[in-house]
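Q: Give me coordinates for this.
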Amino acid sequence: MIRQSTIDQIFSAAAVEEVVGDYVKLKRSGSGLGGLCPFHNEKSPSFKVSPNLGIYKCFGCGRGGNVIDFVMEIEKMTYPESLRHLASKYHIEIEEAEGNREELSEQVKLREGLYAALEFAKNQFHANIHDDDEGRIVGHAYFKERGLTDQTIESFGLGYGKNSWDAFYNIATAAGYAEDILVKAGLIKERNREDGKSKGFYDVYRERVMFPIHNIGGKVVGFGGRQLKSDKKSPKYINSPENDVYHKSSVLYGLYQAKKAIRTEENVFLVEGYLDVLMLAQSGIENVVATSGTALTTDQVKLVKRFSENVTMLFDGDPAGIKAAIRGVDLLLEGGLNVKIVVFPEGEDPDSYCRKLGGNGLKEFIENEQKDFVHFKAEVLLKEKGEGSVGLSETAREVIESIVKIPDPLKRNAFIKETATLLKFDEALLVAEAKRIKHAATTAFNRQAQTRKQNSFLEPLPTVTPEISDESISKEQAILESLMLYSEKPYDEEVDVAGFIFSELEADGYTFENPEFAECVDQAKTYYTFNDKLDESFFTKHRVLGKLAANVLSVKYALSPVWLETHEIYVKPDSENYVQVVIDNLNYLKLYKLNYVYTKAMKLLEEASTDEDAQIAQARVLKIMEVRRTITDKLGIEGAIPE
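A: Residues are numbered from 1 along each chain as shown. Presented below is the predicted three-dimensional model:
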């Protein structure tokens, strides 16, 4: 287990607005910050961050919690992995209790092993271009020939894999990295004999310049390795295989370095290759990312939208580049993004044209040449199909097919108007065509869904009856919420609410049925005993209660009237009668327990074998009924006894 002192350091260093800001474009909103939720698709921001409380909350999908919860959710990490991730980000040394490594799950060990091996590889490849003769003469010289400065080489961690079958393998294994981890990371491969037995391992990246690929948090997750000699037997690029930390459809090259510039410029330039990113960034156009030679994916579109709703696609002027641009346009539109396209002169790409024009010249070229998707697609299609009646009608139809993918109806209407003007079509006719296409797409989707349903032979999951009742969970949760909301408020002149609740629970000998709640209450009581108070930070930073605290406290604190009206949230004011609320919550909990005890006592009465046992059981039942009546009178509810 990671020591609590280290966890406290991480919470102190990792400001929630800073960590969330790495993934979401945040703007000032009332007393906090707001933005588009990264966990579900939305048009209007319903995601709020409270720096004062150290929590986030989405009023659209309901997700919320502290900074650790956010990293767990966004990066799909476990609690320990999230702590280690933030510790690495803020350069905090992890202090671990004895035996902690053995307690880690196999999956966590694998992910940590992959991250460590990939980081080691990046450092080794990068060191080669400085400390090794071959690396300097071949690798470093290549980058300089492509016009890259030493600062760019350093910023992106570029490197070189030596012309050797086992140079990296020998160094990595000598440093303690396991062969199976190096294989999974795509850094080495096993060499097999004809009989299937291993003949050892060899390096994957030999005589190649190396481009490390980072995830959004800055961890190395993979590599692209470009060969420098023409060899038909070997691919021009070797890319890392998919594994537990690298999913190429969910990564954009350069996003880690570009995210701040994207927020500042409120636009992202989308290119195809590593060198396009490097040259543009070096020339002052830092808000640039690449698909790294793969077709744009839905996950990459969602990734872009976290930082900006505006995308400018920069593509080569050859037929392949134009086709790639057309394929990507529909995905971006469907994701709710505003799209502009720039196609470079044939034979040029963003890298070469930037070197030719310089950064300022390229910016001017982009400003003058960018087109919205309607003009771009119409221009490409008319050139291909001709401007006759058939060519015009087919072009109009294909442009409309793109327009109907836009989720915003007002934008759809505006682009239909633009298409009608550009292609000289009747607007009403294009509106009707858009409705037809959208209806056909919806019908096809519903038909496929019905087919999938009919072909499903999965049996429903068996219903599991929980051992802990929903009623007990709700009553126990109400006590925890009372502690979160009112713990530091005075109960009377001598004790605060937290002290009163703990003393009442102790006097009644109540043990929480929910084991997680029970552990949390014990920890809260210990914290209160040592600190003479129980503040909100205990709950917001708590491993189990962080999400519940975010839900409770995000409603307690000042949300603007516009925010409340927009999201139809009713917030009770901080009740002056909070003492009564606390007493009622405790009484409802006692009542639940009494009902349980009453049921048990009645069973003993029914099963009594002697008159003496019956008299004892009856006296107990009457006493329970008397106490129960007292509580129901206080609560002002009917005192019916459960059957």
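Q: where's Asp132 relative to Leu296, distance?
A: From Asp132 across to Leu296, the span is 37 Å (C-beta to C-beta, to the nearest Å). Placement of C-beta: from N, CA and C, glycine included.
Q: Likewise for Thr173?
A: Distance, Thr173 to Leu296, using C-beta to C-beta: 38 Å.
Q: When those two are compared, which one has more neighbours?
A: Neighbour tally, Thr173 and Leu296, criterion other C-beta atoms under 10 Å: the higher count belongs to Leu296, 24 against 15.
Q: what's around the nearest residue in space to the more buried one that is not next to it in sequence, how many residues?
A: Using C-beta to C-beta, 6 or more residues apart in numbering and skipping residues adjacent in sequence, the residue nearest Leu296 is Gly328, 4.1 Å away. Using other C-beta under 10 Å, Gly328 is surrounded by 24 other residues.
Q: Sort out which residues of the host helix or strand of Gly328 are buried, please.
A: Secondary structure assigned from DSSP states H and E places Gly328 in helix 319-334. Residues Gly321, Ile322, Ala324, Ala325, Ile326, Gly328, Val329, Asp330, Leu331, Leu332, Leu333 are the ones in helix 319-334 that count as buried (16 or more other C-beta atoms under 10 Å).
Q: Which neighbouring elements make contact with the very next helix or strand once past that helix?
A: Counting by DSSP H and E, the element after helix 319-334 in chain order, helix or strand, is strand 338-343. Helices and strands touching strand 338-343, by 3 or more C-beta pairs under 8 Å, 6 or more residues apart in numbering; DSSP states H and E, are strand 310-315, helix 319-334, helix 350-369, strand 371-372, helix 373-385.
Q: so what strands line up beside strand 338-343?
A: Paired neighbours of strand 338-343 in the sheet (DSSP bridges): strand 310-315 (parallel), strand 371-372 (antiparallel).
Q: how about the ones you listed in JSON lines, adding mean pLDDT, distance to Thr6 and mean neighbour count?
A: Listed next are the strands paired with strand 338-343 as JSON lines, based on pLDDT from 0 to 100; distance: least, C-beta to C-beta, whole Å; neighbours: other C-beta atoms under 10 Å:
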{"stretch": "strand 310-315", "mean pLDDT": "94", "distance to Thr6": "40", "mean neighbour count": "23"}
{"stretch": "strand 371-372", "mean pLDDT": "94", "distance to Thr6": "51", "mean neighbour count": "14"}
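Q: So for Thr610, which of those strands sits nearest?
A: strand 310-315 (83.7 Å; C-beta to C-beta).
Q: Tell me which residues are up against that closest one.
A: Outside of strand 310-315, the residues within contact range by C-beta atoms under 8 Å, 6 or more residues apart in numbering are 266-272, 276, 288, 304, 321-322, 324-325, 328-329, 332, 337-344, 350, 366, 370.
Q: Equivalent analysis for stretch 274-284, please.
A: Residues outside stretch 274-284 that contact it (C-beta under 8 Å, 6+ apart): 146-149, 151-152, 155-156, 158, 211, 224, 226, 253-254, 257-258, 269, 271, 286, 288-290, 292, 314, 349-351, 354-355, 358-360, 362.
Q: Show the buried residues in those residues.
A: When the contacts of stretch 274-284 are checked for burial by 16+ other C-beta under 10 Å, the buried set is 147-148, 152, 156, 158, 211, 224, 226, 253-254, 257-258, 269, 271, 286, 288-290, 292, 314, 349-351, 354-355, 362.
Q: Mind checking which of the residues you listed are in helices?
A: Of the buried ones among the contacts of stretch 274-284, the ones assigned to helices by DSSP state H are Thr152, Gln257, Ala258, Pro350, Asp351, Cys354, Arg355, Leu362.
Q: what's the nearest residue to the first one if we skip its chain neighbours?
A: If I follow you right, that is Thr152. Leaving aside its sequence neighbours, Thr152 sits nearest to Gln282 (C-beta to C-beta, 6+ apart; 4.6 Å).
Q: Around the one you found, how many other residues sit close by?
A: By other C-beta under 10 Å, neighbour count at Gln282 equals 20.
Q: What pLDDT is listed against it?
A: Predicted confidence (pLDDT) for Gln282: 97.
Q: Distance check, it against Thr599.
A: Between Gln282 and Thr599 the distance is 75 Å, computed by C-beta to C-beta.
Q: Then Thr173?
A: Per C-beta to C-beta, Thr173 is found 65 Å from Thr599.
Q: Repeat that for Thr442.
A: Per C-beta to C-beta, Thr442 is found 53 Å from Thr599.
Q: Looking at the two, which one has more neighbours?
A: Neighbour count, other C-beta under 10 Å: between Thr442 and Thr599, Thr599 has more, with 13 against 10.
Q: avg pLDDT for the helix or strand where the more buried one lies?
A: Counting by DSSP H and E, the element that carries Thr599 is helix 578-606. On average, the pLDDT along helix 578-606 is 82.
Q: Which elements pack onto it?
A: If you count contacts as 3+ C-beta pairs under 8 Å, 6+ apart, helix 578-606 packs onto helix 470-486, helix 497-508, helix 611-635.
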